[in-house]
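Asker: Quick check, what structure comes out for this input:
(one chain, ligands or ions: 2)
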Amino acid sequence: MRSPSFVIGIAGGTGAGKTTVARTVADHVGEAITRIPVDNYYEDLSHLELTEREQVNYDHPDAFEWDLLREHLETLLEGQPIEMPQYDFEIHNRTDDRVTVESSDVIVLEGIFALYDDAILEMLDLCLYVMTDADVRILRRIERDVVERGRDLEGVMEQYLETVKPMHERFVEPTTKNADVIIPEGANQVAVELLIEKIEAERSSDSGAGATAETAVERERQDELTFSDSTN
Ligand SMILES: Nc1ncnc2c1ncn2[C@@H]1O[C@H](COP(=O)(O)OP(=O)(O)O)[C@@H](O)[C@H]1O
Ligand SMILES: O=c1ccn([C@@H]2O[C@H](COP(=O)(O)O)[C@@H](O)[C@H]2O)c(=O)[nH]1
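Answerer: Ligands and ions are numbered 1, 2, ... in the order given. Below you'll find the model as predicted:
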């Protein structure tokens, strides 16, 4: 199995458009991309009741199982598959399922804390931060959480004011300093097109480097053959 040639981190506040950017890019690049949502690495909270899980601060870095995420990224970088946990936002917990995820040419790590952990930052070749105004993000989040994540409006508003907003300001937004590029307003067409171009360029330069190395090895072998031929 071939090791990835390019690893991208996409961070940003809730509702900024991280998943949309990652999915749009993945749709264009196809099977060569492995998408890793950081959300799948929320700690297993099976020991808590649902009512207790509803009170957890999911916007604090301590809510994540960092060791497992680091280990899985390292495994993918070695070209090996992982058994990725799956997360269910409706029950605020991991499901019992694990999904086998193969490594591929491009790894995209996406989540509010994609640019937070030093060891993970070391593994990233390109760091993106999706910057979207807070009012737009909360409107998107209300719609998404009510429609897709089984929440009511009151609960979404309460969670936003109690944890999401203060944690965003304290932990998430400061990670802009780790970004190479800031993408405004989520999946904007120009930014996504540039990202796809960059990925394609990295992939072809990587396979080009491989071809050059092969050619050099091949040439050396030819020289050896020529040398032995002339001595025989
Ligand atoms: N550029 C955009 N314009 C309009 N809506 C967007 C845009 N990007 C994302 N959205 C919508 O906003 C919501 C949140 O986007 P999502 O990608 O899930 O955000 P995140 O992963 O950052 O939480 C989704 O319903 C998505 O369709
Ligand atoms: O059980 C959970 C786990 C997470 N959340 C919220 O999800 C967002 C992160 O996901 P995005 O897709 O980036 O919005 C985070 O702000 C948590 O508050 C949750 O509500 N419940």
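Asker: Which residue ranges of this protein form helices?
Answerer: Per DSSP state H, the chain carries helices over the ranges 18-29, 50-53, 66-77, 118-123, 134-148, 153-159, 165-167, 189-231.
Asker: Any part of the first one near ligand 1?
Answerer: Pointing back at helix 18-29 there. Yes. Under the criterion of CB under 6 Å from any ligand atom, helix 18-29 makes contact with ligand 1 via Lys18, Thr19, Thr20. To be clear about C-beta, it is placed using only N, CA and C from the backbone, and glycine gets the same treatment.
Asker: Pick the most buried one from the helices of the chain.
Answerer: Mean neighbour count (mean count of other CB atoms under 10 Å) peaks for helix 18-29 among these, with a mean of 19.
Asker: Compute the inter-axis angle for that one and helix 134-148.
Answerer: 80 degrees (axes from the mean of the first three to the mean of the last three CA atoms, to 10 degrees).
Asker: Could you list the contact residues of the protein toward ligand 1?
Answerer: Neighbours of ligand 1 within the chain, by CB under 6 Å from any ligand atom: 12, 14-20, 140, 144, 185-188.
Asker: hmm, back to that, nearest to Asp44 among the helices of the chain would be which one?
Answerer: Nearest to Asp44 among these is helix 66-77 (9.6 Å), distances taken as CB to CB.
Asker: just checking, what packs against that closest one?
Answerer: Under the contact criterion of 3 or more CB pairs under 8 Å, 6 or more residues apart in numbering; DSSP states H and E, helix 66-77 touches strand 33-37, strand 82-88, strand 106-110, helix 118-123.
Asker: Determine which stretch of these is the most buried.
Answerer: For the helices and strands packed on helix 66-77, the largest average neighbour count (mean count of other CB under 10 Å) is found in strand 106-110, namely a mean of 25.
Asker: Leu50: what's its closest spatial neighbour, skipping adjacent residues?
Answerer: Closest residue to Leu50 apart from its sequence neighbours, by CB to CB, 6 or more residues apart in numbering: Ile91 at 6.4 Å.
Asker: again with Arg53
Answerer: In space, and not counting its chain neighbours, Arg53 is closest to His92: 3.9 Å by CB to CB, 6+ apart.
Asker: With Asp180 instead?
Answerer: Cys127 is the one closest to Asp180 (CB to CB, 6+ apart), at 4.9 Å.
Asker: Now for this structure, the helix or strand with the poorest mean pLDDT.
Answerer: The helix or strand with the lowest mean pLDDT-type score in the chain, counting by mean pLDDT, DSSP states H and E, is helix 189-231 (a mean of 61).
Asker: What is the burial count for Asp133?
Answerer: For Asp133, the count of nearby residues is 12 (other CB atoms under 10 Å).
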